[in-house]
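Enquirer: Just to be clear, the model below is a prediction. Sequence and coordinates:
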Amino acid sequence: MDLTGYVEQPEVCDTTVNDEDCSTLQDAVDLSGVSQKGPFVTGTDITAYELQNGRSLKQTGKTFGGKIERADGTFDIKTVKLNSAFAYIVADGFYRNEVTGENSSAAIKLRALTNLKGRSSANINLVTHLEYDRVQYLVTRKDSSVTKAKMAAEKELFAAFGIDNSGFEGLAEDLNVLKEGKGNAALLAISVLLQGDRNESELTALLASLSVDLGDNGQWDNVKQRAQIADWAMKTDLNGGLPKIRANVEGWKLAESAAPAFEGHVTNFWMKELGVDKCSSVNAGALFATKNNHSAYYAANDSAYTDGDSSLVRLICDASGTAPAWRFATDLEKDVAALAGDAAEGSVANGKINTNFVYVKENGSWRRGTELDASLDAACVDLIKNTTTFTADATD
């Protein structure tokens, strides 16, 4: 059964108050959909509130409800008669966490605003939730129609995560994290990024803050918040966490297809926020220090430690695999990158990033030194090598 509910139709209520108010329903409706963060668990309450019209967005006082009936988050609200086509829908319950693969330990609430004219289903997800304050502002303060406001708000919201939604089919209430497709992949990426390592209370606070931030101008102005999310995304991505998230979603066995291709959006987000260039054959072997001073990984110089740095972490563009890709640099790679390549054999030097580490030039390359190496000068190291069988352990 197709739960997207997407219908290609012209907008009916467009420019005037009377036209907007005309959006009514002639017949009773069955409202279905899926509620997802990951999917909300079976038994979750779904409540729909009738709105007066598409201009004031005020509630009439009429409510109707249902419950999640299937493990994929499907809900079905039985036939009801509404005067207005506009409804505000709320899901309140536990959900499957994509990052951990487990059910949440506390409930959250997600919302959606929809025009039921021409559709029989409306999904509830993070995009429908986050767009709500912005849509309400555009409708009630800027005299926009609901449909035009949703289109504008969604374009701004996806752009805040570095995503171009121009090729997506339908609106936010048509998206589903368990189906393949461009829009669904973007939804899953946003869900993963905002979940991060947060518990339900922290996630709820983040969603509230972000909704308000986007509400007045459609921009995500909290640079510290963006950097924090980018830091988590980079760490997770470079430590191999994204395949595990995919395995979690597909391991639920709630869809007939593979999980949508969310990984590229996650990678693009942290690279854009942290100012990381594309890794290619051109910059293979190059070190990179995050220059976003709101990042926990901030450092002023790529190949040296500077007072005021937040981190000793460096990335390196690795071209050894099937395609060049960033990874975390080892201590050895970080510390000797700026050491003189023509240093004499047996030279001893402190690392340029981990400045308390010692390195020795041996057989034409640098190795990690020992405490004994640190206590000797280059001549002594060379003499010991030539007169004893001592060999220092090489570690990085």
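Expert: Everything's here; your move.
Enquirer: Can you tell me what sits against stretch 271-289?
Expert: Contact with stretch 271-289 is made by 162, 226-227, 229-231, 234, 270, 290-292, 295, 297-303, 309, 313-319, 324-326, 329, 333-334, 337, as judged by CB atoms under 8 Å, 6 or more residues apart in numbering. Bear in mind the C-beta positions are built from the backbone N, C-alpha and C, glycine included.
Enquirer: Which among the residues you listed count as buried?
Expert: 226-227, 229-231, 234, 270, 290, 292, 295, 297-299, 302-303, 309, 313-319, 324-326, 329, 333-334, 337 (16 or more other CB atoms under 10 Å).
Enquirer: so of those, which ones are in strands?
Expert: 315, 316, 317, 318, 325, 326 (DSSP state E).
Enquirer: In the sheet, which residues pair with the third one? Tell me.
Expert: Translated: residue 317. Beta-bridge partners for residue 317, by DSSP bridges, are residue 326.
Enquirer: how about it, what does it touch?
Expert: 279, 280, 283, 284, 285, 286, 288, 324, 325, 326.
Enquirer: what kind of secondary structure is the first one in?
Expert: For residue 279, the secondary-structure state derived from DSSP: H, G, I helix; E, B strand; the rest coil is coil.
Enquirer: that older thread, quick one: which of the contacts of residue 317 is nearest to residue 130?
Expert: Nearest to residue 130, judged by CB to CB, of these is residue 326 at 28.7 Å.
Enquirer: hang on, isn't that closest one packed against residue 316?
Expert: Yes. Contact criterion CB atoms under 8 Å: residue 326 and residue 316 qualify, at 7.2 Å.
Enquirer: Check residue 83 and give its pLDDT.
Expert: pLDDT for residue 83: 82.
Enquirer: how close does it get to residue 276?
Expert: Between residue 83 and residue 276 the distance is 53 Å, computed by CB to CB, to the nearest Å.
Enquirer: These two: who's more crowded?
Expert: residue 276 (19 against 11; other CB atoms under 10 Å).
Enquirer: Now do the phi/psi pair for the more buried one.
Expert: When quoted as degrees, to the nearest 10, the phi and psi of residue 276 stand at phi -90, psi 120.
Enquirer: what residue ranges in the stretch 51-200 of the chain score low on pLDDT?
Expert: Counting by pLDDT under 70, the ranges of the stretch 51-200 of the chain that qualify are 79.
Enquirer: can you give me the helices for it?
Expert: Ranges of helices in the stretch 51-200 of the chain, per DSSP state H, counting those that start in this stretch, are 126-142, 146-160, 182-195, 200-217.
Enquirer: Equivalent analysis for the stretch 251-396 of the chain, please.
Expert: Ranges of helices in the stretch 251-396 of the chain, per DSSP H, counting those that start in this stretch, are 263-274, 331-336, 371-375, 378-387.
Enquirer: returning to what we had before: could you give me the ChimeraX selection string for whichever of the contacts of residue 317 are buried?
Expert: Restricted to buried positions by 16+ other CB under 10 Å, the ChimeraX selection for these reads:
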select :279,283,286,288,324,325,326
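Enquirer: ok, the contacts of residue 317 vs residue 88, which is closest?
Expert: residue 326 (42.9 Å).
Enquirer: how about the closest one, what does it touch?
Expert: 238, 271, 276, 279, 288, 315, 316, 317, 318.
Enquirer: what would these look like in JSON lines with pLDDT and distance to residue 25?
Expert: Converted to JSON lines, the contacts of residue 326 look like this (pLDDT from 0 to 100; distance: CB to CB, whole Å):
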{"residue": "238", "pLDDT": "98", "distance to residue 25": "51"}
{"residue": "271", "pLDDT": "98", "distance to residue 25": "46"}
{"residue": "276", "pLDDT": "96", "distance to residue 25": "50"}
{"residue": "279", "pLDDT": "95", "distance to residue 25": "53"}
{"residue": "288", "pLDDT": "96", "distance to residue 25": "56"}
{"residue": "315", "pLDDT": "98", "distance to residue 25": "55"}
{"residue": "316", "pLDDT": "97", "distance to residue 25": "59"}
{"residue": "317", "pLDDT": "97", "distance to residue 25": "57"}
{"residue": "318", "pLDDT": "96", "distance to residue 25": "58"}
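Enquirer: okay, these in CSV with distance to residue 87 next?
Expert: Below are those laid out as CSV (distance: CB to CB, whole Å):
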residue, distance to residue 87
238, 43
271, 39
276, 43
279, 47
288, 49
315, 47
316, 52
317, 50
318, 51
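Enquirer: just these now: which is nearest residue 76?
Expert: Nearest to residue 76 among the contacts of residue 326, with distances taken as CB to CB, is residue 271, at 41.3 Å.
Enquirer: how close does that closest one get to residue 115?
Expert: From residue 271 across to residue 115, the span is 37 Å (CB to CB).
Enquirer: who's more crowded, those two?
Expert: Taking neighbours as other CB under 10 Å, residue 271 and residue 115 compare with residue 115 leading, 23 against 20.
Enquirer: Settle this for me: that one is touching residue 53, isn't it.
Expert: No. Here residue 115 does not reach residue 53: they are 10.5 Å apart, not a contact under CB under 8 Å.
Enquirer: quick one: which of the contacts of residue 317 is nearest residue 199?
Expert: residue 326 (29.0 Å).
Enquirer: pLDDT at that closest one, what is it?
Expert: At residue 326, the model reports a pLDDT of 97.
Enquirer: Who are the contact partners of the residue lying closest to residue 131 once chain neighbours are set aside?
Expert: Using CB to CB, 6 or more residues apart in numbering and skipping the chain neighbours, the partner closest in space to residue 131 is residue 153 (4.2 Å). Contacts here follow CB under 8 Å, 6+ apart; on that basis residue 153 touches 131, 134, 135, 138, 214, 218.
Enquirer: quick one: residue 153 from residue 372, how far?
Expert: Residue 153 is 64 Å from residue 372, by CB to CB.
Enquirer: Please apply the same query to residue 194.
Expert: Distance from residue 194 to residue 372, by CB to CB: 50 Å.
Enquirer: More neighbours: those two, which one.
Expert: Neighbours were counted for residue 194 and for residue 372 using other CB under 10 Å; residue 194 has more, 17 against 13.
Enquirer: Report whether the expected contact of that one with residue 204 is present.
Expert: No. The pair residue 194 and residue 204 fails to qualify as a contact (CB under 8 Å) at a distance of 10.7 Å.
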